[in-house]
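Asker: A structural model of the following input is requested.
(4 chains, ligands or ions: 4)
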Amino acid sequence: MVTSRKGAGGKTAAAKKKAGAAGPDLVQLLTPEGDLVEHPDYSIDLSPEEYRGLYRDMVLVRRIDAEGTALQRQGELGLWAPLLGQEAAQVGSGRAQTAEDYAFPTYREHGVAWCRDVDPVNLLGMFRGVNNGGWDPNEKNFHLYTIVIGSQTLHATGYAMGMQRDGREAAVIAYFGDGASSQGDVNEAFVFASVNNAPVVFFCQNNQWAISEPNERQFRVPLYQRAAGFGFPGVRVDGNDVLACLAVTRAALEHSRSGNGPILVEAFTYRMGAHTTTDDPTRYRSSEELEEWKAKDPIMRMRSFLEKNKYADEAFFTEVDTEADTVAADIRARCVALPDPKPISIFDHVYAEPHPLMDEERAEYGAYWESFEGAH
Amino acid sequence: MVTSRKGAGGKTAAAKKKAGAAGPDLVQLLTPEGDLVEHPDYSIDLSPEEYRGLYRDMVLVRRIDAEGTALQRQGELGLWAPLLGQEAAQVGSGRAQTAEDYAFPTYREHGVAWCRDVDPVNLLGMFRGVNNGGWDPNEKNFHLYTIVIGSQTLHATGYAMGMQRDGREAAVIAYFGDGASSQGDVNEAFVFASVNNAPVVFFCQNNQWAISEPNERQFRVPLYQRAAGFGFPGVRVDGNDVLACLAVTRAALEHSRSGNGPILVEAFTYRMGAHTTTDDPTRYRSSEELEEWKAKDPIMRMRSFLEKNKYADEAFFTEVDTEADTVAADIRARCVALPDPKPISIFDHVYAEPHPLMDEERAEYGAYWESFEGAH
Amino acid sequence: MAESTTKTQQISLSKGLNLGLRRALEDDPKVLLMGEDIGKLGGVFRVTDGLQKDFGEARVIDTPLAESGIVGTAVGLALAGYRPVVEIQFDGFVYPAFDQIVTQVAKMRARALGKVSMPIVIRIPFGGGIGAVEHHSESPEAYFAMTAGLRVVAASNPVEAYWMIQQAIASDDPVVFFEPKRRYWDKAELDPTATPYPLYASRVVRQGTDATVVAYGPMVKTCLEAAKAAEEEGRSLEVIDLRTLSPLDLEPVFASVRKTGRLITVHEASVFMGMGAEIAAKVTEKCFYSLEAPVLRVGAPHTPYPPSRVEEEFLPDLDRVLDAVDRAFAF
Amino acid sequence: MAESTTKTQQISLSKGLNLGLRRALEDDPKVLLMGEDIGKLGGVFRVTDGLQKDFGEARVIDTPLAESGIVGTAVGLALAGYRPVVEIQFDGFVYPAFDQIVTQVAKMRARALGKVSMPIVIRIPFGGGIGAVEHHSESPEAYFAMTAGLRVVAASNPVEAYWMIQQAIASDDPVVFFEPKRRYWDKAELDPTATPYPLYASRVVRQGTDATVVAYGPMVKTCLEAAKAAEEEGRSLEVIDLRTLSPLDLEPVFASVRKTGRLITVHEASVFMGMGAEIAAKVTEKCFYSLEAPVLRVGAPHTPYPPSRVEEEFLPDLDRVLDAVDRAFAF
Ligand SMILES: Cc1ncc(C[n+]2csc(CCOP(=O)(O)OP(=O)(O)O)c2C)c(N)n1
Ligand SMILES: Cc1ncc(C[n+]2csc(CCOP(=O)(O)OP(=O)(O)O)c2C)c(N)n1
Ligand SMILES: [Mg+2]
Ligand SMILES: [Mg+2]
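Answerer: Numbering: from 1, shown residues only, chains lettered A, B, ... in the order given. Ligands and ions are numbered 1, 2, ... in the order given. Now for the predicted structure:
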C-alpha cells in the first residue's frame, strides 16, 4: 500500500525541517507537532491516500484496543493488554511487512495483527478465556501470541532459518519489549540469528516500562546498541512517529530479506495505559511522565500532519471515527457471542496422534461431566 | 607478588617496541619473540623476580596439567580437561587477583586455582570421580568448578552484589569460554551486572574452540565488543602474553573494585590440547592451525624475554623444571592415594537439615550394602 | 510494626506472607527479597507491598526480567552469606530458571560436601481458579519435589502462610514455596504470638474414620468442604494437609489409612506422574494389608491447563473428591 | 548407502541411531539435525558421524552453545515445515532448554487448536555407568514424561534404536528420545528389512510366570540378566521393556501382573517421584485384587547422581533387582 523506500528523496509538497529535537540516535521523520523532518538515512514519500491510510489504521487500532479494555471492564474478557500509545510503532512496522513476511508477536501486538489482516476477534479468544490463541498462524503469517517473555524471538529466528533454507524472498519480524531484552532467550536469539545470518528483524517496542520496572532496571545504555555487540546493526526510531517506524522497518526488512542477516529496531515509545487491565500504574509512575508522552501522541501528530498539509479534511476524520465505532461494535458483538469451549474439547489437540491416556481420560471425564448434565 | 599497575611507565631496562603486529584491538605487551611493546593504555613494570615468578607459575601449571592428562591415561582419573596453551591467560589473570577477590572458574582453570593457592589435588577429586568438587570455596575465595556452561557467571554476579552490599573492597572474576558466550545465562549475567553496577570482571578465555566448534559458530564480531551493548567496557588481550593478561586483568579488577561496575576481558588464546581427554581434535581442526599457535606459546615467549633481558639463567630454568617435576610427583602420589568415598556418604550432604527420606534410604541402602560386605 | 507482630488480627493469605516476610527482614539483615515488580508495585499479588519502602532497594530488589538471572544471582548472594527470597511472578514463568534451580541450587551443597549451603526460598504462586490466561494457573510442584536437594512446601491458609514463609527463610536448605494463588484473598485470624507447627510436617486438619483424603495448597479447603458435605451424607472423612511435598511426611497418612482403609489424594496438578502417584505407591507399600481399595487419585488430566472458561470443570472440586470417595467405597 | 539399508549387519546402538538418522535424512528432505558438535565431530558419542559430510551444513547444523536457543529455533523451524532432530549432548545439559520444551514445544499444538504441529525429536543420552563426571549421568525422564504434550520413549538396544529413532522422527508429536548411553557400544544384529514394532507400545521381552519386572532403556539388559539368574534359582520372571514412557502402554503390564501377582519396577532414576511411582499407582488401581504384594520399586535414592567411583553401588544391578523380587515374595 505504501511504496517509498529507504533513501528515496522527498517528492511531495510537504515541507521538511532539519533533524528534529529527537537527537542523532533517534530516527524521526515527523515531529510531535506534525512537521516532516529530514534524516540522513531514512525518508518517506507517500501519497496523501497512503498517509491517510496510516492515520486510519492507528485510529482503528486504538479504538479496537479501547474496546478490549471496555470488554474486560464489563466482564467479557478476563484480561486485556492495551497497546494505547504504541499505535505508530505497530502500524508503522505492520505496514512495512509484505504478505510473505512472517510476524512473531508478544501479547500486545493488536495493531500489527490489524495490519496483517488478522481478525481482531481471534485475539480476543485468549483474553476471554475461550482458547489459548487458536488461530492458524500460517493463514496470515502471524504467529500466536506468546506470553512467556522472549520465547518467540527464538521461534522467529528458527522460522527465518527455515525461510533461508527454502530460499523464500521474505523476512521474519520478531516483536519483544524492553523488559524482554533481559531474557536469555532474546540474547540467544541474537546469537543464533547472527551466526546463521538469518533474515529476522528484531523489533523492540521500548515502551519505557516492563510492568512496574523502568528501563534502568533492564539496561543502562540504549537498547539498540545491543545489536552491534552481536554483529548486526541496531537502530532507534521514534516509536510514536508512524512514518519513521514505517521507513525504518521497511528498510530493516529489506536488509534481512536481501541476505544481510538480522537487524535490531528499537522503537522508542510509551505505554500510555496500564500494563494490563489488572495493573495499577499509579503505584509506580508519575502523572507528569504520562503527560509528557501524551504530547507526543502518535495519532495526534499524524492528524496535525494531515491537517497542516491539507491531506485530509474534517469529513475524513469524522468518517474514520465512525468506521472505528463500527469496527468496535462488530468486534464486541462477535466477542460476546464467542461460545465457551466444551470441556471435553481440552483433550482434542494435545497430541496429533492417538494417545491412550487421552482416550482413557476423555472417556472418564466425559462420563463424569455427563453425569452432571442439566445440573450444571 | 607483582606490583605494577595500569598506566605506570616502564622502569626496567627492558627495551620496548611500538605496538606489535597484534593489531589495535588486541592488548599485547610482550611479542611472541619475547620483546616488550608499548600500549597506550596498559603497561607493566615488574622486578626481575616477579617476571621469573610468572614464568615459574606457567611452567608449574603446565606440568600439573600434563600430570592430569597422564593420570587420566593411566586410569587414575576418569577425565581431564587440559589447559595446555592457556597458561598465560590463567596465570596473568590469576596473579592479578588479591586474596579478597573471588574467582568463579569453569572446569579448566587449574592455573587460576594454582595462583589462588588451591591445592591441585582438590581439583583432581572431581576428575577422579571421588567427589564433585568438595572443597570449601570460601577458603581461598575460589568457587567450585562449574561444568554446566555459563551458570557460574550469574553466581559471580550475585556474589559481587553481595560484596557491594557488604561494602567489601574487592571484586569478583568470572571465567567462561568462547562457547559459553552463547548461553542465555552469560548474557543475563551481563544484564544483571550492568544494571546493578556489580563489581565483576567477566574473563573470557577465547581459546578459539568450543569442543569442535570454532568461533564462527558462536559470534561474528570480536567477543569483547559484546560488552559495550550491555553498557560496560570490553577489552581484548593477547591471552598468550602473561604480562598483558596481568596488566589488563589488574586494571579490570581495579575498575570493578572502585565502583565502576563490570568489565569484560577477552583473552585471545588457544587450546593447544584436546577439549578433554576423551576428545579427538584431529577430527575437526588442522595441524597447521596448531603449529601457528605453537609459535605463540606463552611459556616460550616469557622464557625468551627472561633470556633476552638476562633476568634468568640456565640454572633458574633447570630449577623450575625440577620443581615442576617435584610438584607433579607430589600431586600424583596424593591423587592415587585419594580414597574412594564410602557409598553411604552419598546421603551425607544433600540436605543441611534432617530429612526423613534421607534417613530412610540411608538405613535401607546401608543394610543392603552391608549384606554384601566382604563379597565386594 | 512491633504491634503487628503481637496483636491478633484478621489477615488474608497474601497479607500473612507480607507480614511473614516483614518479620524475616526485620529479624535477619541477611534476608533479601528479589523478583520482578516486587518493589514499588509490591508484586502482582501485593505480597511484598510496602517492603521496599521500609527496607530499601538494596534489600528488596526489583530485578531485570530474567528468571534464570534472578535465581542464578540468588545463588551467588547465598554464597556470599545472604538469604535470598526469590519471587517468581507466576507458576508458568519458573521454567527459564529451571536449570539454575535443579542443577545449581539443588546440588550445590552436595557438590561442596556440605561446606556451603543454599538458604534460598523460591516463592511461586501456583494453581488455577482465578480466570487467568495461559501460563498463569499451572501446578509445577512435582518437577521440584522430585529433584533431590530441594525442599518443597505448600501453604494452605493465611496463618500457615505467615509461619511457613518465616520457617522456610530460616531453613538452611533451599525451599520451593508454593502459594495457592486463588486463596490469596482468603481471611483468617492470626495470633502472631502462637507457637508455629513444624515446617516439614503434615497435619491432620480434620479427624475422620471412614476414608482419608490428603491434599495440599488450594485443595485443602476444597477437601475440608468435601468432608463437611460427606458428613451430612453420614460419611466421616479424615483430611490431611500435606504441607511438605519434599520431604513427604507420610507417617500421619499411614496411621490414618491403617484406621480408615481408604485413601484419596487430591491436587490440581495432573494425576499422571503427580504427587499422588508417589503417595499411592508408598502408602500401598507400607499399608498393603490395611487398604480396602486402591489409593484413588483426584487431579487434572494429562493436558495443558485449559482456557479459563473451562477451568471450573477442569479443577477438582467438592464433587470430584466425593466421587472418588464413592469409588473407593465401591471397590 | 542403499546397501546399508537392506543388508543384515552387526551394529552398535550408536551405529543403529546413526543409520536410523541417515535413513530419515534420506527419506525426508525436511528432516534436519541440530546440536552442539554434531557436525565434523559427529557428536561426542559419534551418533551423527559422517552425516554432515553427506547431507551438508544446512541439514546437519552445528549450533551455538545454547540449549534454549537450539530448541527454540527448532520450534521455529518446525513452524516453517521442518522436522528438527535436536541432540542434547548429555542429560544434565537439557535444563537450559526446559522452558522451551515444556512451555513451547509441548503446548504449541494445543494452543493452536491443532493448526500447527511440533514434529521435533529431542535426543538425550541418559543414565550413568560410564564413569563420567557430574551432570553426565542423570536420568531426567520423569520431568518430561509428566509434561502433557510431549511423548517420551527410551530405546534399550541397537535394533530398537534404529527403528525407534525413525519412528520418532516420523511422529507428528514432539518426542523426547532417551538413549541409554552406557549401552551405546552394545552390539546386535540388525535386519533393516524387518517390520518394526510400533513406537508407542511396550513389549514383553522375556516370558515368565512368577513375577513381573518392568524396565526401560539401560535397565532392560540388567533385568534380562536378573531374569536369567533367577531362572537358575528356579524363579521365572517376566520382563517387560516399557519403551514408551509417555504415553505409558500398561496393558501388557496389567496382563502380566494378573498372571504373576507381583511387580517390580526398575529404573536408574530416583524411586521418589520416578516413573515407578506412576506405574505402581496405576497397576495397583487396575489390578488391586491380583497383587500378592505391593509393587516394589528399584531405582536411585533421592540424592544427586554420585561421583563415579560410587556409581557401581548406586546403580540398580542384577542383585538389587533380585533383592526386590525376594522382597515381593516375602510379603
Ligand atoms: C518469563 C516470564 N516472566 C514474567 C512474566 C510476567 N510478565 C508479563 S509481561 C511482563 C513485563 C514485560 O515487559 P516488556 O518486555 O517491556 O513488554 P511490555 O509488557 O512493556 O510490552 C512481565 C514481567 C512473563 N510473562 N514471562
Ligand atoms: C549447558 C551445557 N551444554 C553443553 C555442555 C557440554 N560441553 C562441555 S564443554 C563444552 C564446550 C565449551 O566451550 P567453551 O565455552 O569455549 O569453553 P572451553 O571448553 O573451550 O574452555 C560443551 C559444549 C555443557 N557442559 N553444558
Ligand atoms: Mg515494556
Ligand atoms: Mg573455548
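
Asker: show me where chain C has its helices.
Answerer: Assignment of helices within chain C using DSSP state H yields the ranges C:13-27, C:51-55, C:67-79, C:98-99, C:108-111, C:141-145, C:158-170, C:219-232, C:251-260, C:275-286, C:311-314, C:318-330.

Asker: repeat that for the stretch 101-250 of chain A.
Answerer: A:110-115, A:120-128, A:137-140, A:151-166, A:184-196, A:242-255 (DSSP state H, counting those that start in this stretch).

Asker: which parts of the shortest one are buried?
Answerer: The neighbour-count criterion (16 or more other C-beta atoms under 10 Å in any protein chain shown) identifies A:137, A:140 as the buried residues of helix A:137-140. Any C-beta I mention is one placed from the backbone N, CA and C, and that applies to glycine too.

Asker: rounded mean pLDDT for it, please.
Answerer: The pLDDT scores in helix A:137-140 average 97.

Asker: what does that helix rub up against?
Answerer: Residues outside helix A:137-140 that contact it (C-beta atoms under 8 Å, 6 or more residues apart in numbering or on different chains): A:116-118, A:143-144, D:79, D:112, D:115-116.

Asker: what residue lies at the spatial centre of chain A?
Answerer: A:Glu109 (3.1 Å; C-alpha atoms, centre = their mean).

Asker: quick one: name the residues of the stretch 151-300 of chain C near chain D.
Answerer: C:246, C:270, C:272-278, C:280-282, C:284-285, C:288, C:293-297 (C-beta under 8 Å from any C-beta of the partner chain).

Asker: bridge partners for C:Arg123, pull those for me.
Answerer: C:Glu87, C:Phe177 (DSSP bridges).

Asker: nearest to chain B within the stretch 201-350 of chain A, name that residue for me.
Answerer: A:Gly229 (3.4 Å; C-beta to the nearest C-beta).

Asker: model confidence score at that residue, please.
Answerer: A:Gly229 is given a pLDDT of 97.

Asker: count of residues packed around it?
Answerer: By the measure other C-beta atoms under 10 Å in any protein chain shown, the count of residues near A:Gly229 is 26.

Asker: identify the residue spatially nearest to it, adjacent ones excluded.
Answerer: Nearest non-adjacent residue to A:Gly229, counting by C-beta to C-beta, 6 or more residues apart in numbering or on different chains: B:Gly229, 3.4 Å away.

Asker: cool, and C:Lys259?
Answerer: Nearest to C:Lys259 is C:Thr209, by C-beta to C-beta, 6+ apart, at 6.6 Å.

Asker: try A:Arg165
Answerer: Closest to A:Arg165 by C-beta to C-beta, 6+ apart is D:Ala58, at 5.8 Å.

Asker: which residues are in contact with the closest residue to A:Arg226 other than its chain neighbours?
Answerer: Spatial nearest neighbour of A:Arg226, excluding adjacent residues (C-beta to C-beta, 6+ apart): B:Gly229 at 4.0 Å. Residues near B:Gly229 by C-beta under 8 Å, 6+ apart: A:221, A:225-230, A:234.

Asker: and the top helix by length along chain A, how far from the chain's centre?
Answerer: As assigned by DSSP H, the longest helix anywhere in chain A is helix A:48-73. With C-alpha atoms, centre = their mean, to the nearest Å as the basis, helix A:48-73 stands 13 Å off its chain's centre.

Asker: what of stretch A:224-236?
Answerer: For stretch A:224-236, the distance to the chain centre is 20 Å (C-alpha atoms, centre = their mean).
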